[in-house]
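> Here is a sequence together with a model predicted from it:
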Amino acid sequence: MTQQHSPSGEVEIAVDETIFSEAVVLKASYWLTADYRVSVRRVAETKTLLVCLSGFSTKIDESSAEAITNRFHRDLIDFRTRQIISDETRTIRDLLVAKAFASDSTENS
């Protein structure tokens, strides 16, 4: 992940899609939308997603850009970890749901 702060007060964060999926990037980006304008686009012919942030009424300064990038990176790791846990526990969840409905249908018979 790389971050670039422009003189116009915008922040661009490049995210490697081989590490963080588009779904993870969008989830992490969503949490920034309350404070910033956020856009996400794929860099042509690459596995890079570019997250662009700008302030609603003020420019993002250098120290804020660093804080935003750190927060975004933390959120990326958080959502990626949640995705891994979800993927690893999917079979168990499916079995529990199937068992719950199987028990319910035998009691109603």
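Right, received. Where do you want to start?
> Could you check stretch 77-96 and say which residues are buried?
Neighbour counts over stretch 77-96 (16 or more other Cβ atoms under 10 Å) mark 79, 80 as buried. C-beta: built from backbone N, CA, C; applies to glycine.
> residues in contact with residue 31?
Going by Cβ atoms under 8 Å, 6 or more residues apart in numbering, residue 31 touches residue 75.
> Tell me how far it lies from residue 68.
Residue 31 sits 11 Å away from residue 68, taking Cβ to Cβ, to the nearest Å as the criterion.
> Please apply the same query to residue 48.
Following Cβ to Cβ, the distance that separates residue 48 from residue 68 is 19 Å.
> the more surrounded of those two?
Neighbours were counted for residue 48 and for residue 68 using other Cβ atoms under 10 Å; residue 68 has more, 20 against 16.
> How about the more buried one, nearest residue that isn't a chain neighbour?
Leaving aside its chain neighbours, residue 68 sits nearest to residue 11 (5.9 Å; criterion: Cβ to Cβ, 6 or more residues apart in numbering).
> Just the CA atoms of the host helix or strand of the one you found, as PDB, please.
Secondary structure from DSSP states H and E places residue 11 in strand 10-16. Only the C-alpha atoms of strand 10-16 are listed here, as PDB (Å, rounded to 0.1, in the frame of the first residue of the first chain):
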ATOM      1  CA  GLU A  10      -6.100  15.200  -1.800                       C
ATOM      2  CA  VAL A  11      -4.800  11.800  -0.700                       C
ATOM      3  CA  GLU A  12      -4.400   8.800  -3.000                       C
ATOM      4  CA  ILE A  13      -3.800   5.400  -1.500                       C
ATOM      5  CA  ALA A  14      -2.800   2.600  -3.800                       C
ATOM      6  CA  VAL A  15      -3.900  -0.900  -2.600                       C
ATOM      7  CA  ASP A  16      -2.600  -4.200  -4.000                       C
END
